[in-house]
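Novice: Predicted model and sequence below, questions to follow.
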Amino acid sequence: MTPEAPHTYRHDDLLSFAEQVFTRLGMPEEDARVAADSLVRADLEDAGSHGISRLGIYAKRLGEGRIAVRPAITIEPHGSILHIDGDNGLGQVVSMHALRAAMELAGETGIAGAFVRGSNHFGTAAYYCQHACDNGMALIAMTNSPPGIPPWGGRKAFFGTNPLAFGFPTKSGQPPVIVDMSSSVAARGKIILADKQGESIPAGWAIDENGAPTTDPAAALRGAVLPLGGAKGYALALAIEAMVSLLTQAAFGPHVRNLYKENEDAANVGHCFLVLNIARWLDYEEYTERMEQFLAEIRAVPLAEGAESILIPGERRERIYNERMERGISLSSEVIEELRELSVRCDVHFPQPKGGESL
């Protein structure tokens, strides 16, 4: 039997490690569990740019007080709308508090909107869609981020890569339909990860600070990521920015601070979660039957030449999740080195690779 690769780790080992790091920094256990779960789930779903590779920078900012370890999150209800101040907490922590409050309210009103200010990077939007779908509710989630893409026709970053996600539950045992997309050609986190690992990025992803196309991730981070679909991606980023910053009183555009830059003020990231309690629209079983028919008819569309199948958004994510739950999560040597250094600083044991091989 072929031994496991030395850079492959059990998901539960990484989950325990991340959770211990957060609690060692002073985070409450429940919040630490959410933050760790968000990171490891991202790696399980092939979203490594938002996975445990982020733990180092999160820990640094929490340790120096730039992100609040125990934020005093406030929630002010206004009918079916919740105004939420995250008190500069970690994005995943603030967002889960907001989402749970919005789901509880949607249970009464049928629809609820949580508008959040005073937050930070919240990981993958799909994570919150998954949670809502597990509770039989649909979700529209969006956030802004530090400047990453230029307005169409410009060469300087103004808007964040501003992801937009939709989650729709399906019949029990089937993966939910989850659409999670950035307003940019690629998530900025992928470029950060490529820079960390010394890799190039594909042509067409970004421009440098002079507006010239580049495949150098470092130059791209100094420049800008290109919007998805040209002017359409710019318009989408603008609309999301208006939802999550103007309506929440969070920072917008160049006023959103970058987690990776030193000596910056609080990021003041904004989020928006729109929760739909499906059972208030129609009988939930009828909904899932209609959803099943809907997806079956999509899959039945004749295939284009060279295509093997038609995948529903979220299906590939679920397949990879199941595979990695079984086989483990592979980490690059650069990420492993950073996590080992973090384990020493926080006095938390870093797990052995799957199979017990040493590096």
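Specialist: Thanks, I have it.

Novice: going forward, measure contacts and count neighbours with C-alpha atoms only.
Specialist: OK.

Novice: Do a quick rundown of the helices in the stretch 51-200 of the chain.
Specialist: Per DSSP state H, counting those that start in this stretch, the stretch 51-200 of the chain carries helices over the ranges 55-63, 91-109, 125-134, 188-196.

Novice: Of all those, which one comes closest to Ala141?
Specialist: helix 125-134 (6.3 Å; Cα to Cα).

Novice: Ok, which of the helices of the stretch 51-200 of the chain comes nearest Ala206?
Specialist: When those are compared by Cα to Cα, helix 188-196 sits nearest Ala206, at 9.2 Å.

Novice: quick one: the helices in the stretch 201-350 of the chain?
Specialist: In the stretch 201-350 of the chain, the helices defined using DSSP H, counting those that start in this stretch lie at 217-222, 231-241, 284-299, 315-327, 333-346.

Novice: residues in contact with stretch 289-305?
Specialist: 170-171, 309-312 (Cα atoms under 8 Å, 6 or more residues apart in numbering).

Novice: which of these are buried?
Specialist: 170-171, 312 (16 or more other Cα atoms under 10 Å).

Novice: From Gln174, how far out is Leu295?
Specialist: The spacing between Leu295 and Gln174, counted by Cα to Cα, to the nearest Å, is 11 Å.

Novice: Tell me what angle the helix-or-strand element of the chain with minimal mean pLDDT forms with helix 333-346.
Specialist: Least confident element among the helices and strands of the chain, by mean pLDDT, DSSP states H and E: helix 188-196 (a mean of 84). Per axes from the mean of the first three to the mean of the last three Cα atoms, to 10 degrees, the angle that helix 188-196 makes with helix 333-346 is 90 degrees.

Novice: pull the CA atoms of helix 188-196 into PDB?
Specialist: Presented in PDB, the C-alpha positions along helix 188-196 are these (Å, rounded to 0.1, in the frame of the first residue of the first chain):
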ATOM      1  CA  ARG A 188      -7.600  37.800  -4.400                       C
ATOM      2  CA  GLY A 189      -6.900  35.100  -1.800                       C
ATOM      3  CA  LYS A 190      -5.700  32.900  -4.700                       C
ATOM      4  CA  ILE A 191      -3.200  35.500  -5.700                       C
ATOM      5  CA  ILE A 192      -2.100  35.900  -2.000                       C
ATOM      6  CA  LEU A 193      -1.600  32.100  -1.800                       C
ATOM      7  CA  ALA A 194       0.300  31.900  -5.100                       C
ATOM      8  CA  ASP A 195       2.600  34.700  -3.900                       C
ATOM      9  CA  LYS A 196       3.200  32.800  -0.600                       C
END
